[in-house]
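Q: Quick one, structure for this:
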Amino acid sequence: MKGGIVKIPEYVTREEVNRVCKGLRIRDWTKLKRAEVLPKEAKVILAKLNTEKMKIDLEEFRKESKLNLSTEFDLKMPMLQITILS
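A: A predicted model of the protein is given here:
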């Protein structure tokens with residue numbers, strides 16, 4: 001598409017990301033300057049997702065869940081689309 005504008009769909013609004021971050025009591029990911037999920041944030045997210053109480057290594061979850069990849073991609077885009085991929 002030469003000279004055209006590509007419209008990227010907004011899957012999760014900035015407001016929703018802000019609301020979820022507040023609810024989880026983690027940093028507001030809409031304001032991140034660097035694509036990095038802190039270990040303490042990964043711990044909070046894992047605790048919410050791991051309802052079966054499986055033994056999951058926190059650092060492995062943080063690396064392998066693609067949390068960092070997702071935020072890194074989103075910081076390069078005009079809007080923030082945070083997703084948790086497993």
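
Q: number of nearby residues for Val17?
A: Close neighbours of Val17, defined as other CB atoms under 10 Å, add up to 19. Any C-beta I mention is one placed from the backbone N, CA and C, and that applies to glycine too.

Q: mind listing what's buried in the stretch of helix or strand it belongs to?
A: Using DSSP states H and E, Val17 maps to helix 14-24. Neighbour counts over helix 14-24 (16 or more other CB atoms under 10 Å) mark Arg14, Val17, Val20, Cys21 as buried.

Q: Columns distance to Ile5 and pLDDT on top of those, output as JSON lines?
A: Output for the buried residues of helix 14-24, formatted as JSON lines (distance: CB to CB, whole Å; pLDDT from 0 to 100):
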{"residue": "Arg14", "distance to Ile5": "20", "pLDDT": "82"}
{"residue": "Val17", "distance to Ile5": "24", "pLDDT": "84"}
{"residue": "Val20", "distance to Ile5": "29", "pLDDT": "88"}
{"residue": "Cys21", "distance to Ile5": "29", "pLDDT": "90"}
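
Q: for those, which one is nearest Val44?
A: Nearest to Val44 among those is Cys21, at 10.0 Å by CB to CB.

Q: pretty sure the closest one contacts Trp29?
A: Yes - assessed by CB atoms under 8 Å, Cys21 is found in contact with Trp29 at 5.5 Å.

Q: got a pLDDT number for Arg19?
A: In this model, Arg19 is scored at 90, pLDDT.
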